[in-house]
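1. Compute the structure for the input listed below.
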Amino acid sequence: MSAGLDALQSRLGYTFAEPALLRQALTHRSFGATNNERLEFLGDSVLNLAVAQLLYAQPQASEGRLSYWRASLVREATLAELAGELGIGSCLALGEGELRSGGAQRASILADALEAVLGAVLLDGGFDAAHQLVARLYAQRLRAIDLQASAKDAKTRLQELLQARRLKVPQYTVLATHGPAHAQAFDVQCEVAELALRSAGSGASRRAAEQQAAQAMIALLERKEGA
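-> Model (predicted):
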């Protein structure tokens, strides 16, 4: 197996007994008939079940909240982010057309490849191995999930507060990122330009940081009105 695939296995924290499964998981349909589409189908099911089990451990979360969280965690954008953190793009086998058009950075291709890798792990090591991989990949996001949920509500409330005052929606800007790719922290600024107000938030994801900044802005607005 190539050095690139050896390094990927190290980042995954899983070594394949059958390396051919990993190679297939990283082979796009544009490259040939033996590709990752069937593994992607399998991995999608594994991912949804594993994420559901991990979320079920969240105490006192309603079925609706669990469904919202799962949808957020398994959506294409999140999977593409995870695939990027793992460096999957550089390991993909793509046809010439996909290579020329930047397929190695395309979110849909990256997300599908990560699902295929999960399917390959399932076949190679069983469900426990696939579940453990999902738990490792999502550890940071799962730790941040309570903050994301509460902060999402804060973003909604902030937007409603501003709309009620006939003000424009707030603008969110990433000020800085910290830490390695697999455990980054984000600093975000929220600005209401018409009121010359700015607030800041930090979190394990951009979304979490934006939500915290929105909560801080609500507090600023409340103090301003109470003054």
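2. show me the residues around the nearest residue to residue 175 once chain neighbours are set aside that make contact.
-> Sequence neighbours aside, residue 187 is the residue nearest to residue 175 in space, at 4.5 Å (criterion: Cβ to Cβ, 6 or more residues apart in numbering). C-beta coordinates here come from the backbone N, C-alpha and C atoms, glycine included. Applying Cβ atoms under 8 Å, 6 or more residues apart in numbering to residue 187 gives the contacts 174, 175, 176, 177, 178, 200, 201, 202, 209.
3. Next one: the first one relative to residue 70, how far apart?
-> Summarising the geometry, the distance separating residue 174 from residue 70, computed by Cβ to Cβ, to the nearest Å, is 26 Å.
4. More neighbours: those two, which one.
-> Shown here are residue 174 and residue 70; by other Cβ atoms under 10 Å, residue 70 has more neighbours (17 against 12).
5. Leaving out sequence neighbours, find the closest residue to the residue sitting nearest the centre point of the chain.
-> Taking Cα atoms, centre = their mean, the centroid of the chain lies closest to residue 78, which sits 2.7 Å from it. Of all residues not flanking residue 78 in the chain, residue 72 sits nearest, at 6.8 Å (Cβ to Cβ, 6+ apart).
6. Then residue 11?
-> residue 86 is the one closest to residue 11 (Cβ to Cβ, 6+ apart), at 5.2 Å.
7. in the chain, which spans are strands?
-> 171-178, 185-192, 197-203 (DSSP state E).
8. Could I get the CA-only coordinates of the last one as CSV?
-> These are the backbone C-alpha positions of strand 197-203, laid out as CSV (Å, rounded to 0.1, in the frame of the first residue of the first chain):
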residue,chain,number,x,y,z
LEU,A,197,-22.4,47.1,18.0
ARG,A,198,-19.9,44.2,17.8
SER,A,199,-19.8,41.0,19.9
ALA,A,200,-17.5,37.9,19.9
GLY,A,201,-17.8,34.2,20.4
SER,A,202,-15.6,31.2,20.3
GLY,A,203,-16.4,27.5,19.7
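9. what's the distance between residue 211 and residue 161?
-> Residue 211 is 15 Å from residue 161, where distance means Cβ to Cβ.
10. Which one's more surrounded, those two?
-> Comparing residue 211 with residue 161 by neighbour count (other Cβ under 10 Å), the higher total belongs to residue 211, at 28 against 18.
11. pretty sure that one is in contact with residue 202, am I right?
-> No. Under the criterion of Cβ atoms under 8 Å, residue 211 makes no contact with residue 202, lying 10.7 Å away.
12. circling back: out of the strands of the chain, nearest to residue 6?
-> strand 171-178 (28.0 Å; Cβ to Cβ).
13. Name every strand pairing with that closest one and say which way it goes.
-> Applying DSSP bridges, strand 171-178 is found paired with strand 185-192 (antiparallel).
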